[in-house]
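> following is a predicted model, sequence given first.
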Amino acid sequence: IDEIKLGRFRAIFTNLQDKTLVDMLPDRYYTSIVKFLESLPNREKIEYVSTDLWRPYRLAVQKVLPNAKLVADKFHVVSKANAAVDTVRRSIAKADQQKQGKGLRKAHKLFDKRAADLNDEQYLTVSGWLNCFPLLAAAYDLKERLYAVYEVETKEKAWAAYLNWEASIPPELSKPFKPVKTAFRNWKPYILNYFDDERVTNAFTESFNAKVRRVYRNGHGYTFERLRAKVLFTD
């Protein structure tokens, strides 16, 4: 379960095993999610449900699919660390109105990437900024190490790795990284469910959302009903 913002938030449901769209709703209200889940045939066979950190999704799944294992999607968790780095980057760029600040404002997409995904030129660019601004370097390191939490083998090791990560946050970065801490505290069991054998994520749904956005743009603002029909009944 995820959502896509097209004028307003629309809930979108996919089959992660078959990589298919199941349906899209005109909103993402709790009552709408419950009604839809209750309409699913053979819903007792659903083993895993991956969602973002929207509480109504969690409550609806717990009500209608009590035997399914709920997994908080890892990309929505680590994206909060990306957002924290971006907050620090923008704050530094705003404070430095000279040439460095201007360049730093334009480099925002590079800081969203994992260090391992940067090409040589991008790596040199990012390294240059990090060498100039130690606070940004500390934030970037925290982001990279949060991703590493998801590389451990078991729930127990993952929670221990997270606690070590949290303890390493310097006081001056406590505020921008607070949403990460809040997410782990509020969604702990569902975040840790990721470390079961299946390693379920919403990656397919996110990629499908990009396709839906393209259809919406190409249709110059389809009505919801027409957009839903377009993505459900065509290739």
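Received, thanks.
> pull the residues that contact the helix ranked longest in the chain.
Assignment by DSSP state H gives helix 74-95 as the longest helix of the chain. Here helix 74-95 makes contact (CB atoms under 8 Å, 6 or more residues apart in numbering) with 52-53, 101-102, 104-105, 107-108, 111-112, 133, 135-136, 139-140, 142-143, 146-147, 150, 173, 176-177, 179-180, 183-184, 187, 191, 194, 201-203, 206. Glycine gets a C-beta too; all of them are placed from N, C-alpha and C.
> any idea which helix or strand comes after the helix or strand bottoming out on mean pLDDT in the chain?
Ranking every helix and strand in the chain by mean pLDDT, DSSP states H and E puts helix 99-106 at the bottom, with a mean of 71. Sequence-wise, the next helix or strand downstream of helix 99-106 (DSSP states H and E) is helix 108-112.
> hey, C-alpha coordinates of that next one in CSV?
Output of helix 108-112 as CSV, limited to C-alpha atoms (Å, rounded to 0.1, in the frame of the first residue of the first chain):
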residue,chain,number,x,y,z
HIS,A,108,21.1,18.8,-3.8
LYS,A,109,20.5,15.7,-6.1
LEU,A,110,24.0,14.4,-5.4
PHE,A,111,23.5,14.3,-1.7
ASP,A,112,20.4,12.1,-2.1
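> from residue 195, how far out is the most centrally placed residue in the chain?
Central residue of the chain (CA atoms, centre = their mean): residue 76, 1.9 Å from the mean position. Using CB to CB, to the nearest Å, one obtains 16 Å as the distance from residue 76 to residue 195.
> skip ahead from the helix or strand hosting residue 211 and say which helix or strand is next.
Under the criterion of DSSP H and E, residue 211 resides in helix 203-218. As assigned by DSSP H and E, the chain's next helix or strand after helix 203-218 is helix 224-233.
> report the distance from that next one to the chain centre.
25 Å (CA atoms, centre = their mean, to the nearest Å).
> again, but for stretch 140-152
14 Å.
> likewise stretch 27-36?
21 Å.
> do stretch 206-216 as well
Distance, centroid of stretch 206-216 to centroid of chain: 16 Å (CA atoms, centre = their mean).
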